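Enquirer: Here is a sequence together with a model predicted from it:
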Amino acid sequence: GLALLAMFAILRQGSPDGITARIGRIPSTALMCAIVLCIGPMLAIPRTAATTYETSLAPLVSGFSPALFSILFFLLILLLCVRETAVVDIVGKILTPALLIGLLILIVVGVVNPIGPVGEQPLVENVAATGVEAGYQTMDVLAAIVFGYIILKSAREKGHTTPGAQLRVVSGASLVAGIGLLVFYLGLTYLGATSARFFDITVDRTFLVVSIVRNLLGQAGIILFAVVVALACVTTAVGLVSACADYFSGLSGGRVSYRTLVCVICVFSAVVSNFGLNEIIAIASPILSVVYPPTLVLIVLALFGSRIRRDWVFRLAALGALAVSLLEVVRTYTGVELAFLDLLPLASLDFGWVLPAAVCGAAAALTACGGSSSSTAASSTASSAAASSAAADGQKYTVGICQLVEHAALDAATQGFEDALTAQFGENVTFDFQNAQNDSATCATIANGFVSAGVDLIMANATPALQAAQAATDSIPILGTSVTEYGVALGL
């Protein structure tokens with residue numbers, strides 16, 4: 001469900017950047033780095049190798065060195081990521097259905113012929129909170145944000161170029177995926193419940209899964225399950241390594257090459273994978289408990305972004321969620337008494353951060369700390385005292401500027417653009433600046449207005465503004481800025 005919300009938020013904003021952008025450039029970059037690191041070399045990538053070793057190799061081959069396996073595993077990942085090949089696409093297209101079919105067979109057999117009766121009493125004290133923490137471990141929401149670019153690009157490549165068409169196809173696919181995940185998670189939960197009488201709460205996770213497969217499908221099932229899981233982990237690792245290397249290479253402005261980052265990520269992940277699956281999960285728990293709450297807050301707010309004009313609502317709401325989640329982690333892992341946290345609504349469900357986030361966001365909305373500036377006016381004109389030689393012929397130019405929202409980084413880009421043209425053309429250039437108030441539909445209205453007015457150039461500041469300008473005209477030059485990936489934005 002939360003991953004679905006993330007995808008709908010991405011569709012609403014036009015890109016994953018829109019979810020975090022309004023908390024400010026530095027906080028947004030920091031949060032995105034934390035998200036990418038979580039689904040990358042810190043947690044998810046090493047976990048693919050550890051899962052492959054403990055689920056696919058160890059049950060079949062005893063005594064194989066985990067260190068040697070990690071080296072071989074990430075050497076394969078390195079080769080697949082550095083050298084472009086169709087193998088990954090082919091394997092991915094075959095493996096995803098194979099994995100789902102294998103799990104479905106396992107679940108159906110477990111339901112028809114259960115290992116044992118479902119226990120009357122749960123083995124954990126707080127089932128809801130434990131379930132939320134386990135949900136964090138899937139990292140579905142974080143992955144949805146990072147892979148949102150790929151999903152939107154895929155939709156455009158298949159001919160869904162308009163926002164409405166993208167909304168229909170991506171939301172439809174997301175709903176199907178969400179329902180599928182719900183079915184499989186419920187099925188696996190049932191299998192675990194039917195085995196409760198045979199294992200206690202301290203059982204090793206991998207041993208539990210292997211034991212369930214062996215009991216239901218026998219040794220042949222173990223072999224089949226091992227092959228499917230191993231190949232699925234390989235394709236997952238390839239996708240994650242490639243996405244992380246691409247993100248950090250872009251963040252560095254190309255100063256650190258994609259291939260260098262692939263090598264660094266593979267080496268680092270190989271080292272971490274030797275901690276073992278249970279240890280990686282234990283390390284991930286406090287990190288994800290801190291990263292998830294502010295991310296979820298921003299996702300929910302992004303769904304209503306066009307109605308929220310003050311960036312401080314996003315900033316303070318995320319800060320409130322972050323503060324409470326940090327305190328919860330400190331209490332859990334240090335034993336410090338913070339009894340007031342138990343008084344928060346939904347604290348028993350591990351959602352104690354919801355009320356503080358709502359209060360902080362409401363406080364920002366009711367105060368003037370996020371008030372609109374003069375940049376939200378419908379239009380503005382800028383000129384300089386001296387004209388450059390480039391405008392010696394006296395020709396006048398009108399530039400239409402469509403900025404998605406008031407934001408420090410976007411404001412700076414617009415101001416720098418105006419200053420540069422003013423220095424070059426002086427009084428011979430005028431600017432029609434318009435702010436879309438974070439509404440993609442308003443971007444389209446502004447762009448169409450510029451076309452009707454016959455401006456000489458359109459400067460589109462942010463992805464939705466660029467997409468609106470592209471849709472509005474094929475004759476007026478368009479300059480885009482504050483766009484993470486132009487090919488994705490323009491469907492190229």
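Expert: Everything's here; your move. Numbers count the residues shown, from 1 in each chain.
Enquirer: With adjacent residues omitted, what lies nearest to Gly250?
Expert: Here the nearest residue to Gly250 in space, its sequence neighbours aside, is Thr484; by C-beta to C-beta, 6 or more residues apart in numbering that works out to 7.0 Å. No exception for glycine: its C-beta is placed from N, CA and C like everyone else's.
Enquirer: If you could redo that for Asn448, that was the one I meant.
Expert: Ala472 (5.1 Å).
Enquirer: The lowest-mean-pLDDT helix or strand in the chain: what's the following helix or strand?
Expert: Least confident helix or strand of the chain, by mean pLDDT, DSSP states H and E, is helix 127-138 with a mean of 64. As assigned by DSSP states H and E, the chain's next helix or strand after helix 127-138 is helix 140-146.
Enquirer: same for that next one, what does it pack against?
Expert: If contacts are counted by 3 or more C-beta pairs under 8 Å, 6 or more residues apart in numbering; DSSP states H and E, helix 140-146 sits against helix 2-13, helix 25-38, helix 277-303.
Enquirer: still on that earlier bit, next one: the residue nearest to Gly250 from Leu152, what distance?
Expert: Shown here: Thr484 relative to Leu152, a distance of 11 Å by C-beta to C-beta, to the nearest Å.
Enquirer: Would you map the helices across the stretch 151-300 of the chain?
Expert: 163-194, 205-251, 258-273, 277-303 (DSSP state H, counting those that start in this stretch).
Enquirer: how far is the last one from where the chain is centred?
Expert: It stands for helix 277-303. What separates the centre of helix 277-303 from the centre of its chain is 11 Å, taken as C-alpha atoms, centre = their mean, to the nearest Å.
Enquirer: which residues of the stretch 301-450 of the chain fall in strands?
Expert: Per DSSP state E, counting those that start in this stretch, the stretch 301-450 of the chain carries strands over the ranges 397-403, 429-435.
Enquirer: Save those as CSV, and put in mean neighbour count and mean pLDDT too.
Expert: CSV is the format used below for the strands of the stretch 301-450 of the chain (neighbours: other C-beta atoms under 10 Å; pLDDT from 0 to 100):
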stretch, mean neighbour count, mean pLDDT
strand 397-403, 23, 91
strand 429-435, 22, 86
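Enquirer: Take the ones you listed and write them to JSON lines, including distance to Leu60.
Expert: Output for the strands of the stretch 301-450 of the chain, formatted as JSON lines (distance: least, C-beta to C-beta, whole Å):
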{"stretch": "strand 397-403", "distance to Leu60": "59"}
{"stretch": "strand 429-435", "distance to Leu60": "61"}
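Enquirer: What pLDDT is listed against Ala67?
Expert: Here the pLDDT value assigned to Ala67 is 91.
Enquirer: you'd agree it is up against Gly276?
Expert: No - Ala67 is not in contact with Gly276 according to C-beta atoms under 8 Å; the separation is 11.7 Å.
Enquirer: who's more crowded, these two?
Expert: Gly276 (16 against 12; other C-beta atoms under 10 Å).
Enquirer: my read: the more buried one touches Glu54, true?
Expert: Yes - if you go by C-beta under 8 Å, Gly276 and Glu54 touch, sitting 7.5 Å apart.
Enquirer: How about the contacts made by Arg12?
Expert: In this structure, Arg12 makes contact with 18, 302-303, 305, 440, judged by C-beta atoms under 8 Å, 6 or more residues apart in numbering.
Enquirer: Could you rerun that using 10 Å?
Expert: With contact taken as C-beta atoms under 10 Å, 6 or more residues apart in numbering, Arg12 is in contact with 18-19, 163, 167, 299, 302-306, 438, 440, 464.
Enquirer: Roughly how far does Ala220 sit from Gly159?
Expert: 43 Å.
Enquirer: cool, and Asn278?
Expert: 46 Å.
Enquirer: Counting neighbours around each, name which of those two comes out higher.
Expert: Asn278 (13 against 10).
Enquirer: wait, that one sits on Asp204?
Expert: Yes - the pair Asn278 / Asp204 is scored as a contact, 6.5 Å apart, by C-beta atoms under 10 Å.
Enquirer: any residues in contact with both of those two?
Expert: With C-beta under 10 Å, 6+ apart as the test, Asn278 and Asp204 both reach Glu54.
Enquirer: Look up phi and psi at Pro114.
Expert: Per-residue torsions, Pro114: phi -60, psi 150 (degrees, to the nearest 10).
Enquirer: Around it, count how many other residues there are.
Expert: Pro114, neighbours per other C-beta under 10 Å, totals 16.
Enquirer: can you tell me which residues contact the nearest residue to it once chain neighbours are set aside?
Expert: What sits nearest to Pro114 in space, not counting adjacent residues and going by C-beta to C-beta, 6+ apart, is Thr194, at 4.3 Å. Under the criterion of C-beta under 10 Å, 6+ apart, the neighbours of Thr194 are 110-111, 113-119, 212, 215-216.
Enquirer: Which residues are in contact with Ala321?
Expert: By C-beta under 10 Å, 6+ apart, the neighbours of Ala321 are 290, 292-298, 351-358, 360-361.
Enquirer: and if we set it to 6 Å?
Expert: If you count contacts by C-beta atoms under 6 Å, 6 or more residues apart in numbering, Ala321 has them with 293-294, 297, 353, 357.
Enquirer: Could you dump the residues you listed into TSV and include distance to Pro41?
Expert: Output for these, formatted as TSV (distance: C-beta to C-beta, whole Å):
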residue	distance to Pro41
Pro293	23
Pro294	21
Val297	26
Trp353	27
Ala357	29
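Enquirer: Let me know which of the helices and strands packed on helix 140-146 is tucked in deepest.
Expert: Scoring these by mean neighbour count under mean count of other C-beta atoms under 10 Å gives helix 2-13 as the most buried, with a mean of 22.
Enquirer: how big is the angle separating that one from helix 277-303?
Expert: 40 degrees (axes from the mean of the first three to the mean of the last three C-alpha atoms, to 10 degrees).
Enquirer: State the mean pLDDT of helix 2-13.
Expert: 77.
Enquirer: Summarise which helices and strands whatever helix or strand comes next after that helix is packed against.
Expert: Along the chain past helix 2-13, the next helix or strand (assigned with DSSP H and E) turns out to be helix 17-20. Packed against helix 17-20 by the contact rule (3 or more C-beta pairs under 6 Å, 6 or more residues apart in numbering; DSSP states H and E) you find helix 25-38, helix 277-303.
Enquirer: No further questions, thank you.
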